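Undergrad: I would like to see how this sequence folds:
(chains A and B)
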Protein chains: 2
Amino acid sequence: MKQLNSAAADFWQQLKDLQAFETAQDPKIDQIVADICHDVQTRGDAAVIEYTNRFDGMSATSMADLTLSQEALKAAFERLPEHVQAALTTAAKRIEDYHQHQKQTSWQYTDADGTVLGQQITALDRVGIYVPGGKAAYPSSVMMNAMPAHVAGVEEIIMVVPTPKGERNDIVLAAAYVAGVTQIFTVGGAQAVAALAYGTATIPQVDKITGPGNAYVAAAKRRVFGIVGIDMVAGPSEILVIADGSTPADWVAMDLFSQAEHDEIAQSILISTSAVYAAQVQEAMSQLIDTMPRKDIINASLANRGAVVLVKDLDEACEVANYLAPEHLELSVENAQDWAPKIRHAGAIFMGAYTSESLGDYCAGPNHVLPTSRTARFASPLGVYDFQKRSSLIQVSQQGAQPLGEIASILAHGEGLTAHARAAELRLDK
Amino acid sequence: MKQLNSAAADFWQQLKDLQAFETAQDPKIDQIVADICHDVQTRGDAAVIEYTNRFDGMSATSMADLTLSQEALKAAFERLPEHVQAALTTAAKRIEDYHQHQKQTSWQYTDADGTVLGQQITALDRVGIYVPGGKAAYPSSVMMNAMPAHVAGVEEIIMVVPTPKGERNDIVLAAAYVAGVTQIFTVGGAQAVAALAYGTATIPQVDKITGPGNAYVAAAKRRVFGIVGIDMVAGPSEILVIADGSTPADWVAMDLFSQAEHDEIAQSILISTSAVYAAQVQEAMSQLIDTMPRKDIINASLANRGAVVLVKDLDEACEVANYLAPEHLELSVENAQDWAPKIRHAGAIFMGAYTSESLGDYCAGPNHVLPTSRTARFASPLGVYDFQKRSSLIQVSQQGAQPLGEIASILAHGEGLTAHARAAELRLDK
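TA: Down below sits the predicted model:
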């Protein structure tokens, strides 16, 4: 792992370099995706079936072969061992409870002159959830995407998940069952995104698509943005641990591993006020690494993008965190709640020794879909608010139309928009 | 204007055709914009100055020539006639009051076992507002973009506005003054968007860019999305008026004009339950059209994309509105408040005879930046919530870490993520 020290003259440049990550869009992928999208838009189900057979090694002859019923989901759930069923349902319940706090409701107020202003808040009608297949098939991801939509009141939650060579993942299907998914199609890639965005005879057009995917899925989401809503295009996962030495070193070591094990470009950074403690955590990592099945990925990730940063105090640690705007931030310090208000930019803030990121990933309640790559500067965790939208409400009274009409008339004439002005003037009392 | 009737067998197909609008991205524009963005990212201010001189007919030699001080904004405000000053400040005050209702605050709750969960809500640090120059320079647009950022608590609001051939618009600058813009650069186009997204020596990097622009600006915003946040890429403006005949026909006629006068691809649609009333509105339009300075644009817009739709009752009218998901919806009907809850998709709902869309455009209070092109199915008016973001808060107690650790361990092992499981297991009491 790289070793940085805030006392270095070029410290902030080092930090910047640490976080540099090439996210350039690949024009070749863009072109392939453009062709697939166009083909699915024009030929619908036939194109979906062809691409699925070609890319996922399937031999579907109709969309019925790529459709899973509610019964199939229920059966998958029932095939699981009882302790896994219980883990899924308890996690789902906690996630649901937390997300209920995010639900927004319509509001309005009335001016003294009787004019009513407000916002009407409604759920999206129908959303699509992309779930990757193969090695990155995560049931937790199904719940984290579907549950906020469900809590928002979305009536149709359509999930797409590729099943390469027909291989289905029971826990993923069970998670869909628990999280209230209404329909599943076993298709993936750009063709699945295109089908959800444009609709086909079988796959209904949705209003928004969320969920992670590979470079083709990301390019397809970017392309259909505007026709449907999308969530953020996610970058590699990151954890930043601020530690004052009060948490056992092996706990923090494992937290850093848990991010690094995602993939070789994931990023784990430890910030500490104590060089002694930082050395202890690194010693613990050396001790623990050989017990990790994903050892090679962890080592590659830590060597590529990991770092230990020494700072002079916790205020400086918060300053570094605000610059990095990490996806996951552990405040593994005493009185963590006192420090949280100093954090302006982070996807999620995990406070205190007992709050490992992994508890948040699965079952504490908050969403694990979080802004990556410094986008926490402007973006939020996936939430119920992503599946609700607002309509302004305006009812101007006759009395209210008088002063407002005068103002609108002046400003509209200032913009050279006469019809706008006249529409306001017609409502003025003669 | 096209005449549709819901009794026709192919009515819904006709509606779909009515709204079809080619929004394909132009690969040539994309390439030019990619080059400009790369150039600004690499060469900074020098590139900004060169493009500004070339595209806007300027002769700037340094960024100082492209920077306006707070004093310049104040001076612009003070040069305006008093009634215009008053119109701007009153409108700003109403917009501010309305947007105060949108401000969200942090929340948290504590489980029985002492675990704390919540969300910390903070303002973005710094945002960029794009304001078009030339004929589409709208002071109201400055206020509608800057004010929600201001109410959210954004500390730096950077505005960019091209001033072709050096021509500045006093009302636009005055609106910036009134709305709390902190800094203005007189640059536009893709180069302005790139400068805000990447930052230059003079123009600070922002966290989000909002505001309308031409095809180059839209392509640039789409390109930098992810590095910074952006608002929706807007399509042509639309109004849908549902009228039961209770509003004077000439008022509705003028409301349809006020949308059509924006440009040739704007869309004005009247839905009525009464053929007689629909004819009266069209008669009023014939009477009024010659008084309109933007007559040619209005006629082109109505011919291209305008329509009169006859429906059997107001329930059906609402159904049509939900399909079209219009940017602006006038419920020009008796007891409009009773019908609003039947509208699921609309950017803004204007209720009752006195609520012309233009009152909402300028000064009623709600934002006039609204989702277009059916995106009201998933998107909302620009608001304070676009300039705030959330961080999840999680503090798991020692007691809480026991059941959560068991669940996380089961699910993490199910996903093959051993370090995730071990991080949870380490927190279990021995």
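Undergrad: Quick check on the residue of the stretch 101-250 of chain A found nearest chain B: phi, psi?
TA: Nearest to chain B in the stretch 101-250 of chain A, going by CB to the nearest CB, is residue A:229, at a distance of 3.7 Å. (Glycine included, C-beta is placed from N, CA and C.) Backbone torsions of residue A:229, given as degrees, to the nearest 10, read phi -80, psi 160.
Undergrad: Kindly report the same for the one 5 residues further on.
TA: Recorded main-chain torsions at residue A:234 are phi -80, psi 140, according to degrees, to the nearest 10.
Undergrad: before we move on, the earlier item: wait, the residue of the stretch 101-250 of chain A closest to chain B touches residue B:375, no?
TA: Yes - at 7.4 Å, residue A:229 counts as touching residue B:375 under the criterion of CB atoms under 8 Å.
Undergrad: Can you show me the CA trace of the one helix or strand residue A:337 maps to as CSV?
TA: Per DSSP states H and E: residue A:337 is located in helix A:336-339. C-alpha atoms of helix A:336-339 as CSV (Å, rounded to 0.1, in the frame of the first residue of the first chain):
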residue,chain,number,x,y,z
ALA,A,336,-17.9,9.3,16.2
GLN,A,337,-21.3,11.1,16.3
ASP,A,338,-19.4,14.3,17.2
TRP,A,339,-17.3,14.0,14.0
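Undergrad: List the buried residues of that helix.
TA: Buried residues in helix A:336-339, defined by neighbour count with 16 or more other CB atoms under 10 Å in any protein chain shown: A:336, A:339.
Undergrad: what does the stretch 101-250 of chain A put close to chain B?
TA: By CB under 8 Å from any CB of the partner chain, the part of the stretch 101-250 of chain A that sits against chain B consists of A:101-102, A:107, A:109, A:115-120, A:122, A:124-125, A:135, A:138-140, A:171, A:207-208, A:222, A:225-226, A:228-229, A:232-233, A:248, A:250.
Undergrad: Can you select the buried ones from the residues you listed in ChimeraX?
TA: Here is the ChimeraX selection string for the buried members of these, based on 16+ other CB under 10 Å:
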select /A:101,102,115,116,117,118,119,120,122,124,125,138,139,140,171,207,208,222,225,226,228,229,232,233,248,250
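Undergrad: Looking at the residues of the stretch 101-250 of chain A next to chain B, which are in helices?
TA: In this view, those that belong to helices under DSSP state H are A:139-140, A:171, A:222, A:250.
Undergrad: What separation is there between the closest residue to residue A:72 other than its chain neighbours and residue B:346?
TA: Once flanking residues are discounted, residue A:72 sits nearest to residue A:173: 6.8 Å by CB to CB, 6 or more residues apart in numbering or on different chains. Between residue A:173 and residue B:346 the computed distance is 37 Å (CB to CB, to the nearest Å).
Undergrad: swap in residue A:346?
TA: To residue B:346, residue A:346 is 35 Å away according to CB to CB.
Undergrad: which SS state does residue A:158 fall under?
TA: Under DSSP: H, G, I helix; E, B strand; the rest coil, the three-state class of residue A:158 is strand.
Undergrad: Would you confirm that residue A:163 contacts residue A:133?
TA: Yes - the pair residue A:163 / residue A:133 is scored as a contact, 5.8 Å apart, by CB under 8 Å.
Undergrad: can you map out the strands along the stretch 51-200 of chain A?
TA: Using DSSP state E, counting those that start in this stretch, the strands found in the stretch 51-200 of chain A span residues A:67-68, A:107-110, A:116-123, A:126-130, A:156-160, A:183-185.
Undergrad: Out of those strands, flag the one nearest residue B:383.
TA: For those, distance to residue B:383 was read as CB to CB. The smallest value, 8.1 Å, belongs to strand A:116-123.
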